[in-house]
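>>> Okay, predicted coordinates and the sequence, questions at the end:
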There are 2 protein chains.
Amino acid sequence: MTYCVGLLMKDGFVLAADTRTNAGLDNIATFRKLHNWSQPGKRVFALATSGNLATTQAVVSLLTEGTLSLRKRGAVDNLFNAKTMFQAAQIVGRAVRDVQKSDDSQLFQSEDTFSASFLFAGQIGAEPPRMFQIYSAGNFIEATADTPFLQIGEHKYGKPILDRVSDQNMRLGEAAKLVLLSFDSTIRSNLSVGMPIDLLVYEKDMLKLERIRRIERDDPYFRKLSTDWGKALRQAFGAIDEFDI
Amino acid sequence: MTYCVGLLMKDGFVLAADTRTNAGLDNIATFRKLHNWSQPGKRVFALATSGNLATTQAVVSLLTEGTLSLRKRGAVDNLFNAKTMFQAAQIVGRAVRDVQKSDDSQLFQSEDTFSASFLFAGQIGAEPPRMFQIYSAGNFIEATADTPFLQIGEHKYGKPILDRVSDQNMRLGEAAKLVLLSFDSTIRSNLSVGMPIDLLVYEKDMLKLERIRRIERDDPYFRKLSTDWGKALRQAFGAIDEFDI
């Protein structure tokens, strides 16, 4: 499995993905699942992927080839000529459908299934940053003020903290902290999600991607976060009245 | 779905189950999933059930009929003549297998599957209290000092807090608080788990079941717990350094 989470705030967005892939418990590996494309000053995009690695890598490659084709005449629709984030999300959706069309019948024959989902966030020009969750059918939903976070993969362990704390008025540093706490809960409880974590923080209107960090197992901030949070939780737990039955 | 959780401490055990059953989102109902049998002064048993309601109710009825048959000569093995909790767990496992044998081929024909799991806890005489998780195959595992909690049903949302706080040296009132917090996280994040919650607290060597409570949506303790916990979490969150990327 995988865990990816994105938070869309008024000030920008935070997107993070773990790096563990597995085909069975005895066959695990580390792969980057957080990808990005940008034309500094014009547009930025980030994509977090979950599901069959062959599928998600093919989608990323198609999107990259699309952006490279821009230099040629008669370039097809691609991330670098999309006029809005909605159009860009449609382009990702089409890439998902293209891979599905090419692989689905073969996968079906081997009793495998087409499974992939994506978090896609970015900003184009003067349009505010937007964030989408794209399904394996290529359709998508968009994060809104009501629910500013989106999750894919092994999402249940890390959801209670997001349900309780997330808020679109958070500062970016707070949002990054929240995302990492959500990861910490997930990684503690589920073996199929593993460090390192790739984290991207985007500040609205910067139109360039500078804040991308790989957080390793021994990252001092992450270790402190995890320890402090454990302590704070136990303190908070202790401060609440016991149940008197 | 369902959520049930049990904690086994040195001082006794706590077992809790929600009461929501559903066949589709538009067909929900309230059913008790926490059952108990006892011979005061001799033995106590509690069973929390998850899975197909027809299956779990049949298992409960078989166990109850077994205890009633005790008065007759030549009574079969049942909860009231088991000599140890291990034997009692085997009796529950056999009841599960009996129901499976009778229903499985029919369920298979209607493309349904046999699914049921159970948390079974109790104490017989001088033996310490024990707690088991019984699978739909009728086999089971037992809670130990390493992992004093067991969960069935929709277990992921409520697991991080158990992973962090549970301890077999907890007082019973603390354990009940922890169980209710685990429920609060689950109920907030998942519609298929719903109030009221049935909660049973058993103090070691009492050999009677007196502390059984149904906790309704407007229960003052539960409401306060949920509010205080939310506040404490947000405070704890605020007290941790922001991520500086």
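Received the coordinates, thanks.

>>> got the contact list for the residue lying farthest from the centre of chain A?
Farthest-out residue of chain A from its mean C-alpha position, per C-alpha atoms, centre = their mean: A:I245, at 43.7 Å. Neighbouring residues of A:I245 by C-beta atoms under 8 Å, 6 or more residues apart in numbering or on different chains: B:L172, B:G173, B:A176, B:L199, B:V201, B:R211, B:R213. In this view, the C-beta of every residue, glycine as well, is placed from N, C-alpha and C.

>>> Just checking: what are the partner strands of the helix or strand where the last one lies?
This means B:R213. Per DSSP states H and E: B:R213 is located in strand B:211-215. Paired strands of strand B:211-215, with direction, are strand B:197-203 (antiparallel) (DSSP bridges).

>>> Quick check: mean pLDDT of the partner strand?
For strand B:197-203, the mean per-residue pLDDT is 97.

>>> for stretch A:147-163, same thing?
94.

>>> Could you report the distance from A:P148 to A:L7?
6 Å (C-beta to C-beta, to the nearest Å).

>>> These two: who's more crowded?
More crowded of A:P148 and A:L7, by other C-beta atoms under 10 Å in any protein chain shown: A:L7, with 29 against 21.

>>> ok, back up a step: in the strand holding B:R213, what's buried?
B:R211, B:R213, B:I215 (16 or more other C-beta atoms under 10 Å in any protein chain shown).

>>> again, but for stretch A:6-17
A:G6, A:L7, A:L8, A:M9, A:D11, A:G12, A:F13, A:V14, A:L15, A:A16, A:A17.

>>> residues touching A:R164, list them.
Taking C-beta under 8 Å, 6+ apart, one finds B:R188, B:G230, B:L233, B:R234 in contact with A:R164.

>>> which element is the residue nearest to the spatial centre of chain A on?
In chain A, the centroid-proximal residue (C-alpha atoms, centre = their mean) is A:A48; its distance is 3.6 Å. Here A:A48, judged by DSSP H and E, is contained in strand A:43-51.

>>> Just the C-alphas of that strand, formatted as CSV.
Output of strand A:43-51 as CSV, limited to C-alpha atoms (Å, rounded to 0.1, in the frame of the first residue of the first chain):
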residue,chain,number,x,y,z
ARG,A,43,2.8,27.2,-13.4
VAL,A,44,3.6,24.4,-10.9
PHE,A,45,2.2,20.9,-10.5
ALA,A,46,2.6,18.1,-8.0
LEU,A,47,1.3,14.6,-8.3
ALA,A,48,1.2,11.9,-5.5
THR,A,49,0.5,8.4,-6.7
SER,A,50,-1.0,5.3,-5.1
GLY,A,51,-1.7,1.8,-6.6
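
>>> Roughly how far does the residue lying closest to A:R188 once chain neighbours are set aside sit from A:R234?
Closest residue in space to A:R188, ignoring its immediate chain neighbours: B:D163 at 5.5 Å, by C-beta to C-beta, 6 or more residues apart in numbering or on different chains. Noted for B:D163: a distance of 12 Å to A:R234, by C-beta to C-beta.

>>> again with A:K10
A:K10 sits 33 Å away from A:R234, going by C-beta to C-beta.

>>> do the same with A:L162
Between A:L162 and A:R234 the computed distance is 21 Å (C-beta to C-beta).

>>> Okay, and the residue farthest from the centre of chain A sits in which element?
Per DSSP H and E, A:I245 falls between elements, in no helix or strand.

>>> which ones are touching the residue nearest to A:K10 when sequence neighbours are not counted?
Excluding the flanking residues, the one nearest A:K10 by C-beta to C-beta, 6+ apart is A:Q168, at 5.6 Å. By C-beta under 8 Å, 6+ apart, A:Q168 lies in contact with A:L8, A:M9, A:K10, A:A145, A:P148.

>>> What's the first helix or strand after the helix of greatest length in chain A?
Secondary structure of chain A per DSSP state H: the longest helix is helix A:85-109. Where DSSP H and E defines the elements, the next helix or strand beyond helix A:85-109 is strand A:116-124.

>>> elements contacting that following strand?
Counting contacts by 3 or more C-beta pairs under 8 Å, 6 or more residues apart in numbering or on different chains; DSSP states H and E, strand A:116-124 packs against strand A:3-9, strand A:12-17, strand A:43-51, helix A:53-68, helix A:85-109, strand A:130-134, strand A:149-153.

>>> Which one of these lies nearest to B:Q100?
With C-beta to C-beta, the closest approach to B:Q100 among the helices and strands packed on strand A:116-124 belongs to helix A:85-109: 31.5 Å.

>>> Residue ranges in chain A under the pLDDT threshold?
A:70-75, A:105, A:107-113 (pLDDT under 70).

>>> A:N78 against A:L63, yeah?
Yes: between A:N78 and A:L63 there is a contact under C-beta atoms under 8 Å: 7.4 Å.

>>> Tell me which of those two has more neighbours.
Per other C-beta under 10 Å, whichever of A:N78 and A:L63 has more neighbours is A:L63, with 24 against 20.

>>> Leaving out sequence neighbours, find the closest residue to that one.
Using C-beta to C-beta, 6+ apart, the nearest residue to A:L63 is A:A95, at 5.5 Å.

>>> In contact with that neighbour, which residues?
Taking C-beta under 8 Å, 6+ apart as the test, what A:A95 contacts is A:V59, A:L62, A:L63, A:G66.

>>> Looking at those, spot the one nearest A:N27.
A:V59 (22.2 Å).

>>> show me what contacts the closest one?
A:T49, A:V92, A:A95, A:V96, A:V99, A:A116, A:F118.

>>> As CSV, these with distance to B:E154 would be great.
As requested, these are exported to CSV (distance: C-beta to C-beta, whole Å):
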residue, distance to B:E154
A:T49, 26
A:V92, 31
A:A95, 34
A:V96, 29
A:V99, 32
A:A116, 25
A:F118, 25
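
>>> Of these, just say which sits nearest to A:I28.
Closest approach to A:I28 among the contacts of A:V59 (C-beta to C-beta): A:T49, at 16.8 Å.

>>> Identify the residue spatially nearest to the closest one, adjacent ones excluded.
Closest to A:T49 by C-beta to C-beta, 6+ apart is A:T56, at 3.7 Å.

>>> wait, what's in contact with the one you found?
Applying C-beta under 8 Å, 6+ apart, the residues contacting A:T56 are A:K33, A:T49, A:S50, A:A116, A:F118.

>>> same deal with A:G66?
Going by C-beta under 8 Å, 6+ apart, the list of residues near A:G66 reads A:A75, A:V76, A:D77, A:N78, A:L79, A:F80, A:I91, A:A95.

>>> What subset of these is buried?
A:N78, A:L79, A:F80, A:I91, A:A95.

>>> gap between A:A126 and B:Q87?
Taking C-beta to C-beta, one finds A:A126 at 73 Å from B:Q87.

>>> quick one: which of the two has more around it?
Between A:A126 and B:Q87, B:Q87 has the larger neighbour count (other C-beta under 10 Å), namely 13 against 7.
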